[in-house]
Structures are given as C-alpha cells and as structure tokens.
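Asker: Got a predicted structure here, sequence first:
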Amino acid sequence: MTVCLLAEVAAEQAEAASGLLHLSGASGVEIRDGEGLPPPGVAPPPRGRAELRGYFEAISDADAARAVLAERFGASGYLEEVREELWAESWKSHFHPLQIGRIWVVPPWIEADTPEGAQRLVLEPGMAFGTGSHATTTLCLAALDRLLEARPGASVFDVGTGSGILAIAAAKLGAGRILATDDDPIAVRVAGENAARNGVAGAIEIAAAGAEPPGLFDLVVANILANTLVALAPFLLQRLASGGTLLLSGLLAAQADEVAGAFASLRELPRQREQDWMLLSFQG
Ligand SMILES: C[S@@+](CC[C@H](N)C(=O)[O-])C[C@H]1O[C@@H](n2cnc3c(N)ncnc32)[C@H](O)[C@@H]1O
C-alpha cells in the first residue's frame, strides 16, 4: 500500500523539506508551490507557502517523516492512502535523463542515444531511493567519477545503496571490488535488479546491512541521513582502507559540523555543497 504524507511549509523551505522526505524513505515527492498551474479542481497553496506530497511504501516511514517535518519545519502533516496504479505512473513523469561526469542516468522507458564518451546507466528506481536527480546522489556520483578516474580499479563500498545507483556507476567507471548494502530489503532487491539490468550483477556484491562480507575498501560512500552517519561512524571508519577516501552525503549544510565531528580521526578534504545539501570527504 502506498501512503501519501501531505504537509505545508514556507515556500523557501520546500526544497529542503522535500529532500528530507526523500531521505526518510519517500519513493517520490511532489512540491506544489503555486508557481505552476495546480491540477484541475485543486486550489493552489496560499501565497508564500508550498504543499508537499511524499509517497511512502511503509506507514512507519511516513509517520517518522511526519515527525521530522514537524520538528524541523513546524509543519503538521497528515497521511492519506494512495491508489497504487496512479502513483506508479505519476512519478515517472518526473524522471528524466541526467549526465553527471561520465555517467548518463536514464530510465528504461526512454530510448535516446547515450552522449559520446558517457556510460549509460539504466535505472528503474521502483520503490527504492536514487534516481540521480537528488542533490545528494548527484554530489556522490560526481565525486565517484573524479576519484575513479584518478584511481581506476579502486575498491568501493556503497553503504545504503537504495536503487544501487552509486554501486552500478562505480562498476561502469571501472572500480575493482564493489560491495553494496542496505538495511531495507526492498532496496537490496531493487539494487540487484538494476545491477542485472545494467549487465554488472557479477561485479557487485549486494548484501543486507549487518550481514556484510569482510574487507577494507579504497572508497567508502554513504548517502544516508545525518544521525545514521554519526551512528555508523565506527563501522565506516573500520571499513576504510589506509589512504582511502570516505564520502558522506545525505546531510544538510547545518548538520555538516556535527557529522564531521564523528570522523575527526580522518583528514577532512574540502566540503562540497549543492542547494542545502553537503558532501563531506575524508582521507584515511
Ligand atoms: C538516501 S538513500 C541513498 C540511495 C543511493 N545510495 C543514492 O545515493 O541515491 C539512503 C539509503 O540508505 C538506506 N539505509 C538507511 N539506514 C541504513 C543503515 N543503517 N545501513 C544501511 N543502509 C541504510 C536506506 O534504506 C536508503 O536506501
């Protein structure tokens, strides 16, 4: 069953609130801010306000997201059940091809030629996070592209793989060993399907979080909520090879110092920001 979390926030907070819904497990988010025409029969939100609709597969995730919105933005949201077939089609209209570095992310229903020099990554996110269009994913993809260009064959650990986008990109960019994990069984399944769709299933080990095979990695990337990154710090530090690079995203600019504090044993590299979102990089 799909559940929609509806909430109203100040228009200037809509992007940040939408990102938090994505990171809280929403499989899609719509923003209605009165800029475009509302659907027929739907009143636009009041001036200066934006209406958010976050779509979730689990009521528990939607409820947790509602609490996060209330805490951060003072928004009182409510939940509504959605007819599956309407939602399954509607999110597709928001997913367009996207080029980040040498990677070209494209949904399976678009048959366009791959730009010259780019690697085609066909992605059906299904109910898992990661179409490449979220700023945190874009930041991680761009960083992986740069790092793997400088260090071909480097091993990669993608913690919180979602749709599998970063692990698949790593495979396309010539990484060595690749391990991808998630604590959501749906993500583990979808990531496996996407790896197969891209012909790289044999190159990626996919495992449930907590049941990871052993090993150290040259690149460890985790695009997860700030509090989870802090909680996972000992584990992430343990899995980073000496001289390796740790990439952390999923955090807002305002949370960067707090998250960086949990990784103070590493040398921090320059931070990167897109909209309100940050990518932190560390050298092991
Ligand atoms: C924001 S999504 C990132 C997806 C993808 N890596 C990307 O960059 O677009 C975060 C993912 O982390 C997973 N996750 C959350 N907590 C986790 C944990 N403790 N261990 C592993 N995965 C976790 C979620 O299920 C979700 O699929």
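Answerer: Good, I have the coordinates.
Asker: so where's the stretch 1-150 of the chain uncertain?
Answerer: Counting by pLDDT under 70, the low-confidence segments of the stretch 1-150 of the chain come to 34-44, 83-95, 125-132.
Asker: Get me the contact residues on the stretch 151-284 of the chain for the ligand.
Answerer: Residues of the stretch 151-284 of the chain found near the ligand, taking Cβ under 6 Å from any ligand atom as the criterion, are 159-162, 165-166, 181-184, 187, 209, 223-224, 228, 232, 250. Quick note: C-beta positions are derived from backbone N, CA and C, even for glycine.
Asker: rerun at 8 Å
Answerer: Taking Cβ under 8 Å from any ligand atom as the measure of proximity, the stretch 151-284 of the chain contacts the ligand at 158-167, 181-184, 187, 209-210, 221-225, 228, 231-232, 249-250.
Asker: and those residues, which of them are in helices?
Answerer: Those of those mapping onto helices are 165-167, 187, 228, 231-232, per DSSP state H.
Asker: For these, name the two members farthest from one another.
Answerer: In these, the most distant members under the criterion Cβ to Cβ are Ile165 and Ala231, with 22.9 Å between them.
Asker: so how far is Phe282 from Leu240?
Answerer: Between Leu240 and Phe282 the distance, using Cβ to Cβ, to the nearest Å, works out to 8 Å.
Asker: again with Gly250
Answerer: Distance from Gly250 to Phe282, counting by Cβ to Cβ: 15 Å.
Asker: Kindly report the same for Glu116.
Answerer: Glu116 sits 34 Å away from Phe282 when distances are taken as Cβ to Cβ.
Asker: neighbour-wise, which of these two wins?
Answerer: Phe282 (21 against 5; other Cβ atoms under 10 Å).
Asker: Next, show the common contact partners of Leu240 and Phe282.
Answerer: The contact sets of Leu240 and Phe282 overlap at 246, 266 (Cβ atoms under 8 Å, 6 or more residues apart in numbering).
Asker: re the thing from before, among the residues of the stretch 151-284 of the chain next to the ligand, the buried ones, what's the PyMOL command?
Answerer: Those of these that meet the burial criterion (16 or more other Cβ atoms under 10 Å) are gathered into one PyMOL selection, given here:
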select buried, resi 158+159+160+161+162+163+164+165+166+167+181+182+184+187+209+221+222+223+224+225+228+232+249+250
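Asker: What about the residues of the stretch 151-284 of the chain next to the ligand, which are in strands?
Answerer: Using DSSP state E, the subset of those located in strands is 158-159, 181-182, 221-223, 249-250.
Asker: Go through those residues and name the one nearest Ala262.
Answerer: Looking across these and measuring by Cβ to Cβ, the closest to Ala262 is Ala222, at 11.8 Å.
Asker: Show me the beta-bridge partners of the closest one.
Answerer: Val159, Leu248 (DSSP bridges).
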